[in-house]
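Peer 1: Sequence plus predicted model, see below.
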Amino acid sequence: MLPNFGLRLRQFVFQPLDQFLFSEIAEEISTGLALYAPNLELIKVRIVDLGESGKSDLPGLQITVTAKIKDEDNLV
């Protein structure tokens, strides 16, 4: 069992949507993937402010994670 499994993204819920927050979220995702999915190579974390991009009238973020499997020959 992994009692601490997961990312702590809830800590960011009521924070101001700025570049500092986006960096913190990207770091949390990067750290979590390294810890819980070491077989993945993180390519990119893209964070879009939905309100600023015009995709929504409400505040929110769209987070896209791009990764690839490090060793596809040894999949279980």
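Peer 2: Nice, thanks for sending it over. Source: prediction; values computed, not measured. Numbers count the residues shown, from 1 in each chain.

Peer 1: Identify all contacting residues around stretch 25-37.
Peer 2: 2, 5-9, 12, 40, 42, 45, 47, 61, 63, 65, 67 (CB atoms under 8 Å, 6 or more residues apart in numbering). Where C-beta positions appear, they are placed from N, C-alpha and C, glycine not excepted.

Peer 1: If we use 6 Å, what do you get?
Peer 2: Outside stretch 25-37, the residues that touch it by CB atoms under 6 Å, 6 or more residues apart in numbering are Leu7, Phe12, Leu40, Leu42, Val45.

Peer 1: Averaging pLDDT per element, find the lowest-scoring helix or strand in the protein.
Peer 2: Ranked by mean pLDDT, DSSP states H and E, the weakest helix or strand in the chain is helix 50-53, scoring a mean of 82.

Peer 1: May I ask which of the contacts of stretch 25-37 has the most neighbours?
Peer 2: Val45 (19 neighbours; other CB atoms under 10 Å).

Peer 1: helix/strand/coil for that residue?
Peer 2: Here Val45 is strand, with the state taken from DSSP: H, G, I helix; E, B strand; the rest coil.
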